[in-house]
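Undergrad: Show me how the following folds:
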Amino acid sequence: MALRFSIVTPTFNRRDMLVEALDSVASQDWPEIEHIVVDGGSTDGTLELVASRPELRLIGGPDEGVYEALNKGIAAATGDVVCFLNSDDAFEPGALNAAAAGFAEKPACDSVCGSARLVAGSETIEVYDRDEDKRLTSARTALFGASIINARFFRKAALSRIGPFSLAYRIGSDRDFLMRAVTMGLQTQPIAPLVYTYRCHHGSLSFSGEVAQRPAIWQELLTMARHWADAEMAKPSDRRIAWTLEGRCLGRLIQQDLAAGRPREAWRLLAQSGRGLPLNLMALAGGVLDAAVARIAVRTALR
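TA: You can find the predicted model right below:
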């Protein structure tokens, strides 16, 4: 019997891009698909678009953001496998076939992960295809690497073990979610095919390239790093990676305050840096964090 895929798409006033996302699912050559669209109260014609497609299952009503919408979709999903599609992105042709083949090859695995790419218009900016990132065996991938959660396909039972997305993080709850998967030892099978395309555009917190958006990401990553540095379920190696992230976030926020002429705020942050990176390395580490920030799979502005 073919696996049944449940695809969850959170959306809010993204009709301009939603058509392509929906079409990328409709064109999948797979017999068992449940496509759930979770709308937070769109007023731009999105609801009419969804209503015109009888194959879609709509969950409507206000929510607290993209991660609550995803949680609603996961709770409603009836498929064997659940995956996530941003309303401004697209699955690649054959993505579900590739995922099903991965599960067939490793029946005991909890998830499979394919390759993804980031595009701006017709230009490919970056390809995420490292097996190290796909396997998700290290906290480094969850907190620093290419987390590419949209290129991941999860067995529904595995999602029950991980638990819902935390609403404590507005921007990067994906990474906290994947950290829980890492600490629980969930097994991910890497697959080679390109399965997902992210789109870089104005309004995306993760892929817009707007420098003004980065401090909010650093601040949220700092909060997340501190949580995992103290989490009982984290291994010593996980805590060391969380401490490194804490130091790098502090370093970048300190640099920002100094550049903006806010020495008191910089000193306040400096006083919190005891267990992060050594102080003399913080400034040098900032460039590395920039690369991680650019890869965060944020959905808040993509809905």
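Undergrad: roughly how far apart are residue 250 and residue 216?
TA: 15 Å (Cβ to Cβ, to the nearest Å). The C-beta positions use only the backbone N, C-alpha and C, and glycine is treated the same way.
Undergrad: The two: who's more crowded?
TA: Comparing residue 250 with residue 216 by other Cβ atoms under 10 Å, the one with more neighbours is residue 250, at 25 against 13.
Undergrad: Doesn't the more buried one belong to a helix?
TA: Yes: applying DSSP: H, G, I helix; E, B strand; the rest coil, one finds residue 250 inside a helix.
Undergrad: quick one: low-confidence parts of the stretch 1-150 of the chain?
TA: Applying pLDDT under 70 to the stretch 1-150 of the chain flags residues 1.
Undergrad: residue boundaries of the helices in it?
TA: Using DSSP state H, counting those that start in this stretch, the helices of the stretch 1-150 of the chain run over 15-26, 46-51, 66-76, 95-105, 131-135, 139-143.
Undergrad: Then the stretch 201-303 of the chain?
TA: 214-230, 236-259, 263-270, 279-294.
Undergrad: So which of these is nearest residue 148?
TA: Nearest to residue 148 among the helices of the stretch 201-303 of the chain is helix 279-294; the distance by Cβ to Cβ comes to 12.9 Å.
Undergrad: Kindly provide the whole-number mean pLDDT of that closest one.
TA: The average pLDDT for helix 279-294 rounds to 44.
Undergrad: Distance of residue 76 relative to residue 194?
TA: 28 Å.
Undergrad: returning to that earlier point: out of the helices of the stretch 1-150 of the chain, indicate the one that is most buried.
TA: For these, the largest average neighbour count (mean count of other Cβ atoms under 10 Å) is found in helix 139-143, namely a mean of 23.
Undergrad: now it, how far from the centre of its chain.
TA: Here the centre of helix 139-143 is set off from its chain's centre by 12 Å, with Cα atoms, centre = their mean, to the nearest Å.
Undergrad: ok, residues contacting the following helix or strand past it?
TA: Note on helix 139-143: by DSSP states H and E, the next helix or strand toward the C-terminus is strand 152-155. Contacts of strand 152-155 with the rest of the structure, by Cβ atoms under 8 Å, 6 or more residues apart in numbering, involve 5, 80-83, 99, 102-103, 110-113, 136, 162, 188.
Undergrad: rewinding a little: go through the helices of the stretch 201-303 of the chain and name the closest to residue 90.
TA: Across the helices of the stretch 201-303 of the chain, closest to residue 90 is helix 279-294 (Cβ to Cβ), at 20.1 Å.
Undergrad: give me every residue that touches residue 17.
TA: Residue 17 neighbours (Cβ under 8 Å, 6+ apart): 87, 88, 199.
Undergrad: what's the answer for residue 223, then?
TA: So residue 223 contacts 168, 169 (Cβ under 8 Å, 6+ apart).
Undergrad: quick one: it from residue 255, how far?
TA: 18 Å.
Undergrad: Equivalent analysis for residue 179, please.
TA: 26 Å.
Undergrad: who's more crowded, those two?
TA: residue 179 (26 against 16).
Undergrad: Can you verify the more buried one is assigned to a helix?
TA: Yes: assigned with three-state DSSP, residue 179 falls within a helix.
Undergrad: There's contact between it and residue 141 in this structure, I believe.
TA: No: look at residue 179 against residue 141 with Cβ atoms under 8 Å: they stay out of range, at 9.5 Å.
Undergrad: The spatially closest residue to residue 239 that is not a sequence neighbour - how many residues pack around it?
TA: In space, residue 239 comes closest to residue 229 once its chain neighbours are excluded; the distance is 5.3 Å by Cβ to Cβ, 6 or more residues apart in numbering. Using other Cβ under 10 Å, residue 229 has 19 other residues around it.
Undergrad: can you pull the contacts of residue 229?
TA: 239, 242, 243, 246, 275.
Undergrad: again, only using 6 Å
TA: 239, 242, 243 (Cβ atoms under 6 Å, 6 or more residues apart in numbering).
Undergrad: And residue 269, by the same measure?
TA: 250, 253, 254.
Undergrad: Quick check: the gap between the residue lying closest to residue 256 once chain neighbours are set aside and residue 261.
TA: Excluding the flanking residues, the one nearest residue 256 by Cβ to Cβ, 6+ apart is residue 215, at 5.8 Å. Between residue 215 and residue 261 the distance, using Cβ to Cβ, works out to 15 Å.
Undergrad: Tell me how far residue 94 lies from residue 101.
TA: Residue 94 is 10 Å from residue 101, by Cβ to Cβ.
Undergrad: buried ones in stretch 156-167?
TA: Using 16 or more other Cβ atoms under 10 Å as the test for burial, stretch 156-167 gives 158, 159, 162, 164, 165.
Undergrad: give me every residue that touches the closest residue to the last one other than its chain neighbours.
TA: Using Cβ to Cβ, 6+ apart and skipping the chain neighbours, the partner closest in space to residue 165 is residue 67 (3.9 Å). Residue 67 makes contact with 165, 167, 173 under the criterion Cβ under 6 Å, 6+ apart.
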